[in-house]
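*Asks:* Task: produce atomic coordinates for the following.
(one chain, ligands or ions: 1)
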Amino acid sequence: MTGALRRFVRNIEELVDAGGESQPAFWEKLGSAMSELVAKDDWLPDSVAVPHPEYYQQYCLYADPDDRFSVVSFVWGPGQSTPIHDHTVWGVIGMLRGSEVCQAYAIQGDTAPCPIGELERLEPGQIAFVAPSIGDVHRVSNAFSDRLSISIHAYGGNIGKINRHVFPESGGPAKSFVSGYSEPVQA
Ligand code: FE
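*Replies:* Numbers count the residues shown, from 1 in each chain. Below is the predicted model of the structure:
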């Protein structure tokens, strides 16, 4: 693990040890840790920065041994996009390379997900949050149709193992899914 990532993992470990989301100033501290991590783009190994021609990739950078948190690199190929989904745990996103756009949604039963607020765009160095307590459902896309983008995500659980949901765009029952992780690509 590189120095910047090790430092980030230590910061998150401290936050989780101190009680996680229930602790005062949790979001502020979580945001500062992520801002510090994505302030420089010189630490992400090439093996976890490789796009796939069809699917956005989620490489596990660190998983807490007790599954209390995880850190992931999200690698977007040109024009790639997630379905509308939830997380069920807190999450922080930091933009490392390129840009992504994010639309939040409200879910009411089986009706079509309803967009909330504006489409938000993240530029390198910027951060965003998700969580059941603040808004947990969104769709995220690469802002570019001609180049890759990379963001770093941390979650309050082992996100590759968590059973969560995809919401069909035109309504209907939510579908359960477990995202898993992509295999790092050895040069
Ligand atoms: Fe998400």
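
*Asks:* Let me see the contact set for T88.
*Replies:* For T88, the contacting residues are 132, 136, 157, 162-164, by C-beta atoms under 8 Å, 6 or more residues apart in numbering. C-beta: built from backbone N, CA, C; applies to glycine.

*Asks:* Convert the lengthiest strand in the chain to PDB, retaining C-alpha atoms only.
*Replies:* Among the elements of the chain assigned as strand by DSSP state E, the one spanning the most residues is strand 114-122. Once side chains and other backbone atoms are set aside, the C-alpha atoms of strand 114-122 remain, and they are given as PDB (Å, rounded to 0.1, in the frame of the first residue of the first chain):
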ATOM      1  CA  CYS A 114     -37.900  10.400  -8.900                       C
ATOM      2  CA  PRO A 115     -34.800  12.600  -9.500                       C
ATOM      3  CA  ILE A 116     -34.000  14.900  -6.600                       C
ATOM      4  CA  GLY A 117     -32.200  18.200  -7.200                       C
ATOM      5  CA  GLU A 118     -29.700  19.000  -9.900                       C
ATOM      6  CA  LEU A 119     -27.300  16.700 -11.700                       C
ATOM      7  CA  GLU A 120     -24.000  17.200  -9.700                       C
ATOM      8  CA  ARG A 121     -20.600  17.200 -11.400                       C
ATOM      9  CA  LEU A 122     -17.400  16.200  -9.500                       C
END
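
*Asks:* just checking, what packs against it?
*Replies:* strand 100-106 (3 or more C-beta pairs under 8 Å, 6 or more residues apart in numbering; DSSP states H and E).

*Asks:* thinking again about what came up before, sheet partners, orientation included, of the helix or strand just after the longest strand of the chain?
*Replies:* Taking DSSP states H and E as the definition, the helix or strand that follows strand 114-122 towards the C-terminus is strand 127-130. Strand 127-130 has its sheet partners listed here by DSSP bridges as strand 91-97 (antiparallel).
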